[in-house]
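Participant: Mind looking at a prediction? Sequence and model below.
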Amino acid sequence: MSSQSTEAPVSGFREHLPDLSLPRFTTMKEQTPYEYVAAFKESGQPPWLHGLFLHWRNLLKEPYKGITNDGNVRHGLFDLHDDGIPIDAIVQATESFLQLLDDAQRQKTCYHVDSPEWRTWSNPEFLLSDKGIRLEEITPAQKAAVLKVLQLTLSPEGYQKAIGAMRVNGFLGELVEAPNIMNEFSYNFVLFGEPSIDAPWGFSFYGHHLCLNVLFYRTQIVISPWFTGAEPNLIDDGPYKGTRILHREEALGLKLMQSLPAETQDRSQVYKLMKDPKMPWGRWNHDDQRHLCGAYRDNRVVPYEGVLVSEMSPAQQELITEICREFLSYLPARALELRLKQVQSWFHETYWCWIGGFGDDDPFYYRIQSPVIIIEFDHHSGVFLANKEPAKFHIHTLLRTPNGGDYGMALRPLIPRVKQEYLWEG
């Protein structure tokens, strides 16, 4: 079932609209994305985000290793297989897109498949890594070509979810009168490698609250890491009124937590408060808040927390499966089912943990973690809206593939390489 809908629940975020006469908003209203990010880098404001940005740049200096639970990468978890994706159509669409670019656009858009720039995606509204082409700046034909690649790559449900996130971002830009910074098409598209039916290549599509990293090899696909967020997660006015995203991930997580026995709830709830004094240094920060595996955290050590899924009842394990299905819904149907079977095969080493309350109106965080998947869901306080405490209308979600699985890195050594031997026989 799609994570994007046209339901129309109560618009609680309207109680937290910001004061647009503040200098932050009056200045942003007049800036281009490039002026906006230049001012951020030069002024260092806000300091917590600028400090995080500098930290990200330091993290990028480390060679890629992969997220682990104990610092040690486990090998042999991933294999080459047939996901049944329409690789011929995807390659054809991507080549058609490339034909629409001029030389300068092509140079900015095309990177080597092993480029470290693949790791420089991020989800804030600041264009911190300006690579690829930006959809709001290109011709309608070029924009349509990018969206065609996206549509052919993702499941129908996944494509609608992505489009929903883009529309929600545009709605936020309208709410704060800053459409130059946040709009439906303030996203960058970057290619890594040459489109091919039999060699690895992929793309990154990223911007505020939507970041997708995709690797193809023949008919196999990896979509990881990805990030999807919304502030607010509901459009209550305008041409896309009724669009709502990330509510199923929210509802399924809460349903599972509320279904657990009290003793299991207690062991799952690693912190009772969303910003708990018992949290160690660095467990919470202003921007990521509770989630651990966002942008640039490619090598983070994330210890297991909470309870084993294998200890849950069959009905509760089915809810875990449904949460995973929702988070894997960007994948086309066959790829999703194969990935889901892999996730289920690790339920004996899959952990469920929770932060916050679990009443119907409580904001919360949850994580599902195993050797082959990490899922995080987090309710956030306002960034553009004025709520100082986490609220259910500002949501961050993400998926990682630990042990070297992000960006398809664990698969790359398994892919046959070009022969090194050469002899001219002319």
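Facilitator: That came in fine, so what should we check first? All values derive from a computational prediction rather than experimental measurement.
Participant: Please state the offset of stretch 388-400 from the chain centre?
Facilitator: Its chain's C-alpha centre and that of stretch 388-400 lie 12 Å apart, by CA atoms, centre = their mean, to the nearest Å.
Participant: ok, and for the top helix by length along the chain, which residues are buried?
Facilitator: Identified as the longest helix of the chain according to DSSP state H is helix 156-175. For helix 156-175, the buried set under the neighbour-count rule, 16 or more other CB atoms under 10 Å, comprises 157-173, 175. Every C-beta, even on glycine, is put in place using the N, C-alpha and C of the backbone.
Participant: can you give me the angle the next helix or strand after it makes with helix 156-175?
Facilitator: Per DSSP states H and E, helix 156-175 leads on to strand 187-192 as the next helix or strand towards the C-terminus. Orientation check (axes from the mean of the first three to the mean of the last three CA atoms, to 10 degrees): strand 187-192 against helix 156-175 gives 140 degrees.
Participant: Parallel or antiparallel, list what pairs with strand 187-192.
Facilitator: According to DSSP bridges, strand 187-192 forms sheet pairs with strand 110-111 (parallel), strand 133-134 (antiparallel), strand 201-207 (antiparallel).
Participant: list the buried ones in the longest one?
Facilitator: Going back to what we said before, that points to strand 201-207. Neighbour counts over strand 201-207 (16+ other CB under 10 Å) mark 201, 202, 203, 204, 205, 206, 207 as buried.
Participant: would you list the strands paired with strand 187-192 in CSV and tack on mean pLDDT?
Facilitator: As requested, those are exported to CSV (pLDDT from 0 to 100):
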stretch, mean pLDDT
strand 110-111, 98
strand 133-134, 98
strand 201-207, 98
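Participant: Make TSV from these and add distance to residue 99 to it.
Facilitator: Shown next, in TSV, are the strands paired with strand 187-192 (distance: least, CB to CB, whole Å):
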stretch	distance to residue 99
strand 110-111	13
strand 133-134	14
strand 201-207	16
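Participant: Ok, which of the ones you listed comes nearest residue 229?
Facilitator: Nearest to residue 229, of all the strands paired with strand 187-192, is strand 201-207, at 10.9 Å by CB to CB.
Participant: what's downstream of the closest one, the next helix or strand?
Facilitator: With secondary structure assigned by DSSP H and E, strand 201-207 is succeeded by strand 210-217.
Participant: Against which helices or strands is that following strand packed?
Facilitator: Helices and strands touching strand 210-217, by 3 or more CB pairs under 8 Å, 6 or more residues apart in numbering; DSSP states H and E, are helix 156-175, strand 201-207, strand 220-230.
Participant: Under the pLDDT cut-off, which ranges of this protein? List them.
Facilitator: Applying pLDDT under 70 to the chain flags the ranges 1-11.
Participant: try 90
Facilitator: Residues of the chain meeting the criterion pLDDT under 90: 1-11, 287, 418-419, 426.
Participant: Show me the contact partners of stretch 250-262.
Facilitator: With CB atoms under 8 Å, 6 or more residues apart in numbering as the test, stretch 250-262 has contacts from 265, 268, 312, 315-316, 319-320, 322-323, 326, 352, 354, 358, 360, 364, 366, 377, 379, 392, 395.
Participant: related to what we said a few turns ago, how about the helices and strands packed on strand 210-217 in CSV, adding distance to residue 347?
Facilitator: Formatted as CSV, those follow (distance: least, CB to CB, whole Å):
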stretch, distance to residue 347
helix 156-175, 24
strand 201-207, 29
strand 220-230, 19
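Participant: for those, which one sits closest to residue 87?
Facilitator: Per CB to CB, nearest to residue 87 of the helices and strands packed on strand 210-217: strand 220-230, 8.5 Å.
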